[in-house]
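Student: coordinates only, sequence not included:
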């Protein structure tokens, strides 16, 4: 993306937040989603993009509740693998009945937050 982006261009990308969606795994682990090669945590995502862009604005989508995230992490410690992923999927089932549009709104992140998805708006590409 950096190679083809104009100097004044903007690159927008997103990742599922691995710390929320797939807790207890490493960046090198195979993702459960067959459409993703990697899923990043917030610090990993910022570090990767920081290698290529001078300016990064980070946003979050679908805030995660602290209780659900703590339960997922506990499950991942007890049963490594897909148990925490399946727990997260089951916890989304009530949204089929009572989903709210504002829940999915992309919002600026200030500090570390537990967002299900991370969205980065990048500019000032580094010339390599």
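Tutor: All right, it came through fine. Predicted, not measured: the structure shown is a model, and the values here were computed from it. Numbers count the residues shown, from 1 in each chain.

Student: just the element for the nearest residue in space to residue 50 that is not next to it in sequence, please.
Tutor: By the measure of CB to CB, 6 or more residues apart in numbering, the closest residue to residue 50 outside its immediate chain neighbours is residue 56, 6.5 Å from it. From N, CA and C alone the C-beta is placed, and that goes for glycine too. Using DSSP states H and E, the secondary-structure element containing residue 56 is strand 53-63.

Student: quick check: mean pLDDT across that strand?
Tutor: Per-residue confidence for strand 53-63 averages out to 91 on the pLDDT scale.

Student: ok, back up a step: and the residue nearest to residue 50, bridged to which residues?
Tutor: Taking DSSP bridges, one finds residue 122 as the beta-bridge partners of residue 56.

Student: how many residues are close by it?
Tutor: Residue neighbour count, defined by other CB atoms under 10 Å, stands at 17 for residue 56.

Student: please apply the same query to residue 26.
Tutor: Residue 26: 8 surrounding residues under other CB under 10 Å.

Student: could you do residue 46 as well?
Tutor: Taking other CB under 10 Å as the definition, residue 46 ends up with a neighbour count of 15.

Student: any idea of the pLDDT on residue 124?
Tutor: Residue-level confidence at residue 124 comes out at 90, pLDDT.

Student: what's the nearest residue to it if we skip its chain neighbours?
Tutor: Closest residue in space to residue 124, ignoring its immediate chain neighbours: residue 54 at 3.2 Å, by CB to CB, 6+ apart.

Student: distance check, the one you found against residue 5.
Tutor: For residue 54, the distance to residue 5 (CB to CB, to the nearest Å) stands at 12 Å.

Student: so between those two, which is more surrounded?
Tutor: residue 5 (16 against 10).

Student: leaving out the residues flanking it, which one is nearest to the residue nearest to the spatial centre of the chain?
Tutor: Among the residues of the chain, the one closest to the centroid is residue 17, at 2.4 Å (CA atoms, centre = their mean). Leaving aside its sequence neighbours, residue 17 sits nearest to residue 118 (CB to CB, 6+ apart; 5.3 Å).

Student: residue 104: what's it in contact with?
Tutor: Contacts for residue 104 (CB atoms under 8 Å, 6 or more residues apart in numbering) come out as 61-62.

Student: no further questions, thank you.
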